[in-house]
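**Q** Here's my sequence, what's the structure:
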Amino acid sequence: MWFSNLICYRFKQDISYQQDDFEKALEQDVFRPCGSQDMHTFGWTKPFGKHGQMLSHFSQSTVLVCAKREEKVLPPAVVNEMVQEKVDHLEAEENRRVSKKEKDELKENILHSLLPQAFKKSSLQFAFIDMENGWVVVNSASFNKAEELLALLRKSLGTLPVVPAFANYDLGLFLTSWLKEFNAPEGFAIGLDAELQEQDDNGAQVKFKSHDLSSDEVKNHLDNGKEVTKLALEYQERVKFLLQNDGSIKRVSYADTLKEENADIPKEDMAVKLDADFILASEEIKQLLDALTNQLGDAEDL
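**A** Reported below is the predicted structural model:
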């Protein structure tokens with residue numbers, strides 16, 4: 001339940017979900033394994049796995065959901081080799097060139113023949129909805145994957161009026177200002193990692209890892225016009241993360257003292273521990289996001 005990457009969205013209006021109705025909505029799109037001719041499937045599964053009974057976990061004003069994706073593994077090199085063998089055989093047998101359309105048809109037929117025997121791999125993707133403060137937070141490093149989960153949630157619920165949380169902020173401007181002055185917002189501290197880039201999209205990049213970011217070397221790059229695209233920050237000495245100028249928050253890690261708060265819950269009560277960990281992690285994330293947006297100010301005024 002410890003989210004490690006955050007793609008964040010805000011509701012455009014107040015929302016309130018009741019668990020019975022929410023659960024019925026998710027049941028419409030429950031996960032099913034791939035059939036013989038499915039390349040992939042995507043649907044809802046129990047966020048607590050074998051330790052839970054529901055597709056949604058309601059805890060106070062926060063809802064935890066989990067989507068499962070299963071896909072067939074067909075190495076492109078193997079498929080292409082089989083297609084080429086078919087093409088070579090036809091061209092030799094009929095003494096003619098095989099057209100692109102024919103090649104595409106051959107490839108499609110080979111894929112259909114291989115799918116039933118293909119290996120499968122699965123992955124889980126978690127998200128939580130903060131009904132009180134209007135957040136949707138997806139545990140993902142990719143906007144595309146986060147949008148896939150939101151699309152499934154929108155399909156299940158019928159509507160999902162959310163927008164990317166930081167879309168209206170020029171985060172690069174904020175990050176550059178904080179690092180240039182080496183003065184993080186109240187409650188935050190600047191870490192040891194950063195990436196800078198010339199403002200031209202194809203401009204030179206420089207990366208600092210485990211580096212003193214107050215050094216003259218970093219200042220020289222900033223004085224020469226480079227903009228900060230990624231900056232390591234720490235919040236209240238409890239959560240460390242990398243804030244990117246696209247609004248994604250990556251490499252989230254939690255202080256040992258925080259993760260150990262529920263260490264006394266016995267393994268026999270795993271459902272209780274999972275719930276306690278979820279409450280702990282989600283509350284920290286909410287506080288972090290609220291503090292961050294308070295420091296950034298009202299996006300409508302930017």
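**Q** and the residue positioned nearest the centre of the chain, what does it touch?
**A** Note on the chain: the residue nearest the mean C-alpha position is S140, at 1.3 Å, using CA atoms, centre = their mean. S140 is in contact with 5, 7, 125, 146, 149, counting by CB atoms under 8 Å, 6 or more residues apart in numbering. The C-beta positions use only the backbone N, C-alpha and C, and glycine is treated the same way.
**Q** Quick check: pLDDT value at the last one.
**A** According to the prediction, L149 has pLDDT 98.
**Q** got it, and the second one?
**A** At I7 the predicted local distance difference test score is 98.
**Q** so who does it touch?
**A** Listed by CB under 8 Å, 6+ apart, the contact partners of I7 are 137-138, 140-143, 146, 247-249.
**Q** where does it fall, helix, sheet strand or coil?
**A** Per DSSP: H, G, I helix; E, B strand; the rest coil, the secondary structure class of I7 is strand.
**Q** Not counting sequence-adjacent ones, nearest residue to it?
**A** Closest residue to I7 in three dimensions, ignoring its sequence neighbours and counting by CB to CB, 6 or more residues apart in numbering: A146, at 3.8 Å.
**Q** which strands and helices sit next to the helix or strand hosting that neighbour?
**A** If you go by DSSP states H and E, A146 is part of helix 143-157. Under the contact criterion of 3 or more CB pairs under 8 Å, 6 or more residues apart in numbering; DSSP states H and E, helix 143-157 touches strand 6-11, helix 19-27, strand 40-45, strand 62-73, strand 119-130, strand 135-139.
**Q** would TSV of those with distance to A263 be doable?
**A** Shown next, in TSV, are these (distance: least, CB to CB, whole Å):
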stretch	distance to A263
strand 6-11	24
helix 19-27	29
strand 40-45	27
strand 62-73	21
strand 119-130	22
strand 135-139	22
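**Q** Which strand or helix spans T257?
**A** In this assignment (DSSP H and E), T257 forms part of helix 256-259.
**Q** Flag every buried residue along that helix.
**A** L258 (16 or more other CB atoms under 10 Å).
**Q** Most neighbours of all the contacts of S140, which one?
**A** Among the contacts of S140, the one with the most neighbours (other CB atoms under 10 Å) is I7, at 27 neighbours.
**Q** Can you say which of the helices and strands packed on helix 143-157 is nearest to E237?
**A** Of all the helices and strands packed on helix 143-157, it is strand 6-11 that lies closest to E237, at 18.8 Å by CB to CB.
**Q** Just the C-alpha atoms of stretch 205-224, please, in CSV.
**A** These are the backbone C-alpha positions of stretch 205-224, laid out as CSV (Å, rounded to 0.1, in the frame of the first residue of the first chain):
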residue,chain,number,x,y,z
GLN,A,205,20.9,18.2,-20.2
VAL,A,206,22.9,17.8,-17.1
LYS,A,207,22.1,15.3,-14.3
PHE,A,208,23.2,15.5,-10.7
LYS,A,209,22.9,12.4,-8.4
SER,A,210,23.9,12.4,-4.7
HIS,A,211,25.3,15.8,-5.3
ASP,A,212,25.5,19.0,-3.2
LEU,A,213,23.0,21.1,-5.2
SER,A,214,24.1,24.3,-3.5
SER,A,215,27.5,24.0,-5.2
ASP,A,216,28.9,26.5,-7.6
GLU,A,217,28.8,24.0,-10.4
VAL,A,218,25.0,23.8,-10.1
LYS,A,219,24.7,27.6,-9.8
ASN,A,220,26.8,28.1,-13.0
HIS,A,221,24.4,25.9,-15.0
LEU,A,222,21.4,27.8,-13.6
ASP,A,223,23.1,31.2,-14.3
ASN,A,224,23.6,30.0,-17.9
